[in-house]
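Colleague: Structural data only, the sequence is not supplied:
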């Protein structure tokens, strides 16, 4: 008997730890100061030279407007420029008067060509993404009723707009995200191969002859018979 290695399937519990991110958003009240432009158009009395009559009262509606300046950041292309030197060259002709020549013969004055260069200022610009703060005015107006009393010979007319700036403290709810990590164990069953030793018999094949009687049709055959005769030589001599 020998032992051989065999493998069998067995369930195995495997676990791994993962982290789950839990977040929640809360709003935090933050005070801030903003400038508000307040304007209103008051009504004035314009009376004539006539004799004042009875006092007449009526309701008028004055315009009250508030302008708030909302700031926001945008990403836009802004030019970024710098001054560079641009080298410009040109050829000029210089007469060589010191070289003798024949003016009467119609020959040309000898000359030489010289290259002269100058640095010219040049503005070089390229567009780059920049965050720029913009201010967007937002105006809200409302009509406020007011009772005005004036004599009959007076007329109530809207006057010039009066504006002033005021600072107001307002509350803004700013969202805040708070997150934490929670460990979480995940387990599952997996099939694994487990080795084990099992006994196994050693067998060999041994040849063996097996004879059995079989039934066949009988038939007569002739076979020679050999007989063994024995004699005594002494009896033959007497």
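Modeller: Received, thanks. Source: prediction; values computed, not measured.

Colleague: so what's the residue nearest the centre of the chain up against?
Modeller: Nearest to the geometric centre of the chain sits residue 75, at 17.0 Å (Cα atoms, centre = their mean). Counting by Cβ atoms under 8 Å, 6 or more residues apart in numbering, residue 75 makes contact with 129-132. (Each C-beta comes from the backbone N, C-alpha and C, glycine too.)

Colleague: try 6 Å this time
Modeller: 129, 131 (Cβ atoms under 6 Å, 6 or more residues apart in numbering).

Colleague: Following the chain past the helix or strand hosting it, name the next helix or strand.
Modeller: Assessed by DSSP states H and E, residue 75 sits inside strand 55-95. Following strand 55-95 in sequence order, the next helix or strand is strand 111-151 (DSSP H and E).

Colleague: could you measure the residue nearest to residue 129 when sequence neighbours are not counted against residue 32, distance?
Modeller: In this structure, residue 129 finds its nearest non-sequential neighbour in residue 75, 5.7 Å apart by Cβ to Cβ, 6 or more residues apart in numbering. Shown here: residue 75 relative to residue 32, a distance of 24 Å by Cβ to Cβ, to the nearest Å.

Colleague: same check, this time on residue 91
Modeller: Taking Cβ to Cβ, one finds residue 91 at 68 Å from residue 32.

Colleague: quick one: low-confidence ranges for this protein?
Modeller: For the chain, applying pLDDT under 70 flags the ranges 1, 51, 101-107, 231-238.

Colleague: give me that answer again for 50
Modeller: Scanning the chain for pLDDT under 50 picks out no residues.

Colleague: List the buried residues of whatever helix or strand residue 11 lives in.
Modeller: Assigned by DSSP H and E, residue 11 belongs to strand 2-40. Buried residues in strand 2-40, defined by neighbour count with 16 or more other Cβ atoms under 10 Å: none.

Colleague: Each with direction, which strands does that strand pair with?
Modeller: strand 55-95 (antiparallel), strand 162-200 (antiparallel) (DSSP bridges).
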